[in-house]
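Asker: Sequence and predicted structure are below.
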Amino acid sequence: MEINKQAVRKLQQDLQREFDKTPVQIPIASPDLSQGAVAVPLSFNAQRVLAWLLTDPERESRSEVREDVCPEGDLGAVYHELTEADLIINARYGLGAAVVFEISRNQESRAKRATRSYRDNLAQTRVLTGVQQGLDAIDRIVGSDLRHDFSGEISADEFRDAAEELLEAGHLQAVDPSAGDPLDSLAITRSGRRVLQQDWAPADLSGAGHAAAQHYEYKTTITGHVGAVQQGSSNTATIIQNNQLAERMRPTLEAIREQIATLPDADDQDVLNRQVDQFETAVQHGASPGVLKRMLHITGTAASDAAGRAAVAGAGDAFGALFHELSRMV
């Protein structure tokens, strides 16, 4: 069954209108990005594609991105992320049309700022990947194929610096820190696995673990549940509250993702999963209850409609119950 493209477009337009009416005031996580339109750290894949575009001599108009730069299945999300951040030209093609990754001259300086941390993120991501694959010593990672990249081979010093940063952040741990070099006995932690699963750029996270637990510099006062929030990196109460709400919601969000996986159409799954991810990010960054409820209504309606089109028995009712449960937590 084909996806209802008109319904998807309406969903995306409705969601954008909700953000325009009641913006989610999100922290700026990197000083390098503070002068541009980017409000949150780019995902690693998005930063990687942007870095590749800046270094590729044939990047004038790229309708194809190499598989080794970004997996084909992630290109749609990356295109959306980079156009939303106004870092590439938004061609506004209809669904199903080939997208073109192109940086205008006006965007180039901001794109360069947005990719200043690329090599750090690259090295840290490759170290996490290597340890997860069983390469538990830094020398094994240095000598592996993980060192290769379009921006130049990753040096041993870059790998070592990356591993030390990851240890300090809590994304890695030394299995036997008392036995010589701690970088010779590495293991990935839960937060490290989450960095890879969520496609975060690890060097742009200012602390260990979940993105909501970071201390950021704020652009405006957050209009969340906690009043009189100070600006700056001391917004501990708001960060803790956001994190607690996200933790309470996590089992229900996972149940929704499992329900989405029962839909037979991959495009429906992709669109709905992105909307759920956007909702979770809004929760973590302190969106107001009104914005969260409207996001739930839009995404819940789209999920029920997709279940109805696919005629999956009981899926519509299941979606309704799960989204209602989330709405009660907001």
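Answerer: Perfect, thanks for sending it. Numbering: from 1, shown residues only.

Asker: and the nearest residue to residue 181 once chain neighbours are set aside, how many neighbours?
Answerer: Counting by Cβ to Cβ, 6 or more residues apart in numbering, residue 181 lies nearest to residue 138, which is 7.8 Å off, once chain neighbours are set aside. Where C-beta positions appear, they are placed from N, C-alpha and C, glycine not excepted. Per other Cβ atoms under 10 Å, the neighbour tally for residue 138 reads 23.

Asker: show me the residues around residue 138 that make contact.
Answerer: 127, 159, 160, 163, 181, 183, 184, 186 (Cβ atoms under 8 Å, 6 or more residues apart in numbering).

Asker: Next, the buried residues of whichever strand or helix holds the second one.
Answerer: Right, the one you point to is residue 159. Residue 159 belongs to helix 156-169 when assigned by DSSP states H and E. Along helix 156-169, the positions that meet the burial threshold by neighbour count (16 or more other Cβ atoms under 10 Å) are 158, 159, 160, 161, 162, 163, 165, 166, 167, 169.

Asker: what's near enough to touch the first one?
Answerer: If I follow you right, that is residue 158. Residue 158 sits in contact with 119, 123, where contact means Cβ under 8 Å, 6+ apart.

Asker: What's the separation between it and residue 49?
Answerer: Distance, residue 158 to residue 49, by Cβ to Cβ, to the nearest Å: 21 Å.

Asker: still on that earlier bit, so which one among the buried residues of helix 156-169 has the lowest pLDDT?
Answerer: Among these, residue 169 has the lowest pLDDT, at 87.

Asker: And the helix or strand hosting residue 259, how far out from the chain middle?
Answerer: Element membership of residue 259 [criterion: DSSP H and E] is helix 236-260. In terms of Cα atoms, centre = their mean, to the nearest Å, the centre of helix 236-260 is found 15 Å from the chain centre.

Asker: residues touching the most centrally placed residue in the chain, list them.
Answerer: The C-alpha lying nearest the average C-alpha coordinate of the chain belongs to residue 43 (Cα atoms, centre = their mean; 4.7 Å). Taking Cβ under 8 Å, 6+ apart as the definition of contact, the neighbours of residue 43 are 77, 78, 81, 198, 199, 200, 201.

Asker: just curious, which of those is nearest to residue 272?
Answerer: For residue 272, the nearest member of those is residue 77. The distance, counting by Cβ to Cβ, is 12.8 Å.

Asker: Surely that closest one and residue 271 touch.
Answerer: No - taking Cβ atoms under 8 Å as the definition, residue 77 is not a contact partner of residue 271, at 10.4 Å.

Asker: Neighbour count: these two, which is higher?
Answerer: In terms of neighbours (other Cβ under 10 Å), residue 271 is the more surrounded of residue 77 and residue 271; the figures are 23 against 18.

Asker: Show me the helices in this structure, by range?
Answerer: Using DSSP state H, the helices of the chain run over residues 5-21, 44-55, 75-84, 105-114, 118-132, 138-142, 156-169, 190-197, 236-260, 266-284, 289-310, 315-329.

Asker: Neighbours of residue 126, how many?
Answerer: Considering only other Cβ under 10 Å, residue 126 is surrounded by 22 other residues.

Asker: Residue 299 touches residue 277, doesn't it?
Answerer: No - here residue 299 does not reach residue 277: they are 10.3 Å apart, not a contact under Cβ under 8 Å.

Asker: Which one of those two is surrounded by more residues?
Answerer: Set side by side, residue 299 and residue 277 show more neighbours around residue 299, with 24 against 14, by other Cβ under 10 Å.

Asker: For that one, give its distance to residue 101.
Answerer: Taken as Cβ to Cβ, the span from residue 299 to residue 101 is 27 Å.

Asker: Next: residue 120.
Answerer: 23 Å.

Asker: more crowded one of these two?
Answerer: Each of residue 120 and residue 101 has its neighbours counted (other Cβ under 10 Å); residue 101 has more, 24 against 17.

Asker: Please look at the more buried one and residue 53 and confirm they touch.
Answerer: Yes - between residue 101 and residue 53 there is a contact at 5.9 Å, judged by Cβ under 8 Å.
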